[in-house]
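Chemist: Fold the following, please.
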Amino acid sequence: MNKIEFKFKSPNESPGFLLGQVTLLWQRKHKKVLDPLNLTQTQFVLLTALGWLSREKDNVTQVDIANQGNADRMMVSKVLRTLEEKEFISRQEHPTDTRAKVIKLTNEGAKVLQKALTLIENADIDFFSALGNKLSSFNKDLVNLTEQNKDG
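Modeler: This is a model prediction of the structure:
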């Protein structure tokens, strides 16, 4: 049998493995919170992106949402269709761009998003409390990793 060579001596020395494990646990915690609201993690992320963007501009488009969430445009399109079916968002004609639709939260969508934000933020505070006073440094490291690997 061939001997397999590993760069790391154990899984606990592999940052990729550890990030994957933490991500799975974090997603599991979010799923518990979001399931009763009839939202998936991806739907929540896109609703949140729409919520953020709507604070800054009136005519938020699908492309804006995809860019904000660093997401694939086709996936965003499919998820937005589902959110429209759930009546959490509406799509309207764009006033100046005939190819684009303006995406808006409905009243029901805004209520669900606010409820989800509160629950998710509390879940995150609980999940990351193990970091104690190192949370700010951890967040800076995550921002740095995101920036350094955005185009990769």
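Chemist: C-alpha from now on. contacts and neighbour counts both.
Modeler: Fine.
Chemist: Which residue, neighbours along the chain excluded, lies closest to the residue nearest the centre of the chain?
Modeler: The chain has Val45 as the residue nearest its centroid, 3.3 Å off, counting by C-alpha atoms, centre = their mean. Nearest residue to Val45, sequence neighbours excluded (C-alpha to C-alpha, 6 or more residues apart in numbering): Gly69, at 7.0 Å.
Chemist: Now for the one you found, how many residues are close by?
Modeler: Number of residues near Gly69 (other C-alpha atoms under 10 Å) recorded here: 17.
Chemist: Quick check: pLDDT value at the residue nearest to the centre of the chain.
Modeler: On the pLDDT scale, Val45 is placed at 94.
Chemist: just how off-centre is the helix or strand harbouring it within its chain?
Modeler: Using DSSP states H and E, the element containing Val45 is helix 41-56. Distance, stretch centre to chain centre, for helix 41-56: 8 Å (C-alpha atoms, centre = their mean, to the nearest Å).
Chemist: Could I get the buried residue list for it?
Modeler: When burial is assessed from 16 or more other C-alpha atoms under 10 Å, helix 41-56 yields the following buried residues: Gln43, Phe44, Val45, Leu46, Leu47, Thr48, Ala49, Leu50, Gly51, Leu53, Ser54.
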